[in-house]
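S.K.: Build me a model:
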Amino acid sequence: MKLLYTLIPMAPLLAAIVAGFFGSKIGRTNSHRITIAGVAIAFLLSLIVFQRHVFGGAETFNESLYIWMVSGGIRFEIGFLVDNLTVLMMLVVTFVSLMVHIYTIGYMVDDPGYQRFFSYISLFTFAMLMLVMSNNFLQLFFGWEAVGLVSYLLIGFWFKKDTAIFANMKAFLVNRVGDFGFLLGIAGVVYYTGSLDYFDAFNAAPTIAGETMNLVGSAEWSAITVICILLFIGAMGKSAQVPLHVWLPDSMEGPTPISALIHAATMVTAGIFMVARMSPLFELSDTALSFILIIGSITAFFMGLIGIVQNDIKKIVAYSTLSQLGYMTVALGVSAYSAAIFHLMTHAFFKALLFLAAGSVIIALHHEQDIRKMGGLRKYMPITYWTSLIGSLALIGFPGLSGFFSKDLIIEAVHHSSIPGAKIAYLAVLSGVFITAFYSFRLFFLVFHGETRMDKHTAEHAHEPAGVVTWPLILLAIPSVLIGGLTLMNVGFGDYFGNAIYVAPEHGAVKAVAEITHGPLAMVKHSVATLPLYLAAAGVFTAWFFYLIKPSIPAFLHDKLGFAHRLLNNKYGFDDFNQLVFAGGSVGLGRFLWKKGDQTVIDGAMVNGSANNVGRFSGIARFMQTGFLFHYAFAMILGLLAMLTWFLFT
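M.R.: Numbering: from 1, shown residues only. Below you'll find the model as predicted:
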């Protein structure tokens, strides 16, 4: 079994190495064949592991592969923890990655960096698999940083574009802020447990819960609360929660396939997975859970609002990702870890579908991304149209589709939660239903319905892309429809996870929902009596009326609510604040240190000052150099007399 588990991440890693180092020699076709084969092997082996653990009754695998180092009694190991949570993540990551790899053949066909791109996305898959399969904090941090590094390379893949370089640097720096908190959290775990192993930390968690630490002044802080909040700050960076969300919309500067991979199945889900994995720690701190709950509700509501005013097709879907990550985070905050992972899974399929469908539109329109320059594409692109409709309906929670089960489960879990802040979060996620439906179908109607706003040349050449682009859309549409209903009772309500997730008895929000839910069909019937269904319908109707029937209304509202539109279009000023305070402050500090530290102290006092002092001394000393030998002899005699006098009288 150890060999089987090792082959899963190694297959895409080896493929990435071959395509990266030898891509120019083996050619474009062989590069994509090798990397697709590597990810396909990882997916098929993940299916075998899934069957053995879920249907075959295999026990949890938790073993070290090798010891990297032992220092101060702490073992730095590489090892795997494979349980039901792990195998679910492995399946999601490898399947979505496989679809993205296949899609990339058509999307990047004319790109000169073809082999390099395939190498990067295969390496990205390896990094995410190492993260989700880890059994210790060292390997978790390695995978954590590796997905960040590869995302930096992929966001800035078109490195000749200034905007791409700015975006990848922004993502890298913002994630370093979150990773600093994450590293401190890991340090806290090691300080109190003396180990990097998950189960050592989980077993010691009740002991840590009784410890306090002094941070500021004389106030005592709960050690477990501080550790959990620090760990979650890492998740805020990776999973793009306010205020560390600012990198994610700009990540659209990378090619569309990587937008799908980052936003659907890899980097942004890492934080959600990590908190679920660390549930034995987080369950011991209601304060940390409340903090998570409030951050998630702010993200879910306010990031959705920004999506309403965006006109770039990819950025609308990106802000949708931000909002949906907020939903997952809210679920974590009410201890509904199974609901969070359930929504992570369903969201991975329909969000990858929406991104790849957006890419299909971009290909057809010669890389046009402004939805105001589209319209009427239904007749040109029927496959993209229907798969986009499925993805959009799943996103808004249309009854029976995958997104319906996972999103409504989160909303109901928040409604039944007693965690402080749950009432505010419930209003946020409930309001988010209308917002999500509105911006999703605003995009859908403006792109596929109404009169065409394309120029004549584009309209004449608009067509459905090749099958290598459309087949992944179809294959992703299938789980977007079916996976939610098929897995609701096991994955959604947590029976599937067994001991992989721990929920304290007093945090029974999901259990309370389970008592009133008697299967997928019953949940669909129950939705008729709940607000989310009507809020979603209202959002779709409003988008249809505003953009297809009375397009003058949005223009009127834009004029009357100009301040609100500017506020949303300016993203609440987060970018301006970061540019002014953090970027500007860093530049200002650098200039101050350069002028006062480098020029004044180092150059002025130490380097140039020392040289000047030597010059002054030599200017005085040179008068002692007369060139007459008797002067030097006389000085030597005086010196000798002075030395003798000193020895005689001391």
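S.K.: Could you point out the longest helix of this structure?
M.R.: helix 2-50 (DSSP state H).
S.K.: so what does that one touch, helix or strand wise?
M.R.: strand 61-71, strand 74-82, helix 84-107, helix 114-133 (3 or more Cβ pairs under 8 Å, 6 or more residues apart in numbering; DSSP states H and E). C-beta: built from backbone N, CA, C; applies to glycine.
S.K.: switch to 6 Å and redo it
M.R.: helix 84-107, helix 114-133 (3 or more Cβ pairs under 6 Å, 6 or more residues apart in numbering; DSSP states H and E).
S.K.: now these in JSON lines, with distance to Ala58, mean neighbour count and mean pLDDT?
M.R.: Output for the helices and strands packed on helix 2-50, formatted as JSON lines (distance: least, Cβ to Cβ, whole Å; neighbours: other Cβ atoms under 10 Å; pLDDT from 0 to 100):
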{"stretch": "helix 84-107", "distance to Ala58": "10", "mean neighbour count": "25", "mean pLDDT": "95"}
{"stretch": "helix 114-133", "distance to Ala58": "15", "mean neighbour count": "26", "mean pLDDT": "95"}
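S.K.: Neighbours of Leu14, how many?
M.R.: 17 (other Cβ atoms under 10 Å).
S.K.: Turn the helices and strands packed on helix 2-50 into a markdown table, columns for distance to Asp162.
M.R.: Converted to a markdown table, the helices and strands packed on helix 2-50 look like this (distance: least, Cβ to Cβ, whole Å):
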| stretch | distance to Asp162 |
| --- | --- |
| helix 84-107 | 22 |
| helix 114-133 | 20 |
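S.K.: Helix, strand, or coil at Leu593?
M.R.: Taking DSSP: H, G, I helix; E, B strand; the rest coil as the rule, one finds Leu593 in the helix state.
S.K.: how close does it get to Arg176?
M.R.: 20 Å (Cβ to Cβ, to the nearest Å).
S.K.: and what of Gly619?
M.R.: 51 Å.
S.K.: Just the angle for the longest helix of the chain relative to strand 61-71, thanks.
M.R.: Angle, helix 2-50 to strand 61-71, by axes from the mean of the first three to the mean of the last three Cα atoms, to 10 degrees: 140 degrees.
S.K.: Could you give the average pLDDT over helix 2-50?
M.R.: The pLDDT scores in helix 2-50 average 95.
S.K.: now swap in stretch 629-639 and tell me
M.R.: Rounded mean pLDDT across stretch 629-639 is 77.
S.K.: Off-centre distance for that stretch?
M.R.: Taking Cα atoms, centre = their mean, to the nearest Å, one finds stretch 629-639 lying 80 Å from the centre of the chain it belongs to.
S.K.: do the same with stretch 378-396
M.R.: 26 Å.
S.K.: Show me what counts as buried in that stretch.
M.R.: Buried residues in stretch 378-396, counted by 16 or more other Cβ atoms under 10 Å: 378, 380-381, 383-396.
S.K.: Identify the residues contacting that stretch?
M.R.: 350, 353-354, 357, 360, 364, 401-403, 436-437, 440, 444, 448, 462, 464, 470, 473, 477, 480, 536 (Cβ atoms under 6 Å, 6 or more residues apart in numbering).
S.K.: Kindly format the C-alpha coordinates of it as PDB.
M.R.: The C-alpha coordinates for stretch 378-396 follow below in PDB (Å, rounded to 0.1, in the frame of the first residue of the first chain):
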ATOM      1  CA  ARG A 378     -26.300  30.700 -27.600                       C
ATOM      2  CA  LYS A 379     -26.700  30.000 -31.400                       C
ATOM      3  CA  TYR A 380     -22.900  29.900 -32.000                       C
ATOM      4  CA  MET A 381     -21.900  27.800 -29.000                       C
ATOM      5  CA  PRO A 382     -24.600  25.300 -27.900                       C
ATOM      6  CA  ILE A 383     -22.400  23.000 -25.900                       C
ATOM      7  CA  THR A 384     -20.800  25.900 -24.000                       C
ATOM      8  CA  TYR A 385     -24.300  27.400 -23.500                       C
ATOM      9  CA  TRP A 386     -25.800  24.300 -21.900                       C
ATOM     10  CA  THR A 387     -22.900  23.400 -19.800                       C
ATOM     11  CA  SER A 388     -22.600  27.000 -18.600                       C
ATOM     12  CA  LEU A 389     -26.300  26.900 -17.700                       C
ATOM     13  CA  ILE A 390     -25.800  23.800 -15.700                       C
ATOM     14  CA  GLY A 391     -22.800  25.400 -13.900                       C
ATOM     15  CA  SER A 392     -24.700  28.600 -13.200                       C
ATOM     16  CA  LEU A 393     -27.700  26.700 -11.900                       C
ATOM     17  CA  ALA A 394     -25.500  24.500  -9.700                       C
ATOM     18  CA  LEU A 395     -23.800  27.700  -8.400                       C
ATOM     19  CA  ILE A 396     -27.100  29.400  -7.400                       C
END
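S.K.: just checking, Ser417 touches His507?
M.R.: No - using Cβ atoms under 6 Å, Ser417 is not in contact with His507; the gap is 7.7 Å.
S.K.: more crowded one of those two?
M.R.: Ser417 (27 against 21).
S.K.: Mind pulling up the pLDDT for that one?
M.R.: For Ser417, pLDDT reads 93.
S.K.: Next, the closest residue to it other than its chain neighbours: phi, psi?
M.R.: What sits nearest to Ser417 in space, not counting adjacent residues and going by Cβ to Cβ, 6 or more residues apart in numbering, is Val334, at 3.8 Å. When read as degrees, to the nearest 10, the backbone of Val334 gives phi -100, psi 20.
S.K.: ditto for Leu305
M.R.: Taking degrees, to the nearest 10 as the convention, Leu305 sits at phi -60, psi -40.
S.K.: can you tell me the helix or strand for Trp646?
M.R.: helix 629-648 (DSSP states H and E).
S.K.: how about the closest residue to Ser97 other than its chain neighbours, what does it touch?
M.R.: Using Cβ to Cβ, 6+ apart and skipping the chain neighbours, the partner closest in space to Ser97 is Thr125 (4.4 Å). By Cβ under 6 Å, 6+ apart, Thr125 lies in contact with 12, 39, 97.
S.K.: Could you do Leu344 as well?
M.R.: 269, 272, 328.
S.K.: about what we covered before: Gly619 and Arg176: which is more packed in?
M.R.: Neighbours were counted for Gly619 and for Arg176 using other Cβ under 10 Å; Arg176 has more, 13 against 9.
S.K.: Buried residues, the helix or strand hosting the more buried one. List them.
M.R.: Per DSSP H and E: Arg176 is located in helix 162-193. Neighbour-count burial for helix 162-193 flags 164, 167-168, 170-172, 174-175, 177-179, 181-186, 188-190, 192-193 (criterion: 16+ other Cβ under 10 Å).
S.K.: neighbours of Gly484, just the number please.
M.R.: 31.
S.K.: nearest residue to it other than its sequence neighbours?
M.R.: Ser402 (3.2 Å).
S.K.: now that neighbour: how far from Thr530?
M.R.: 18 Å.
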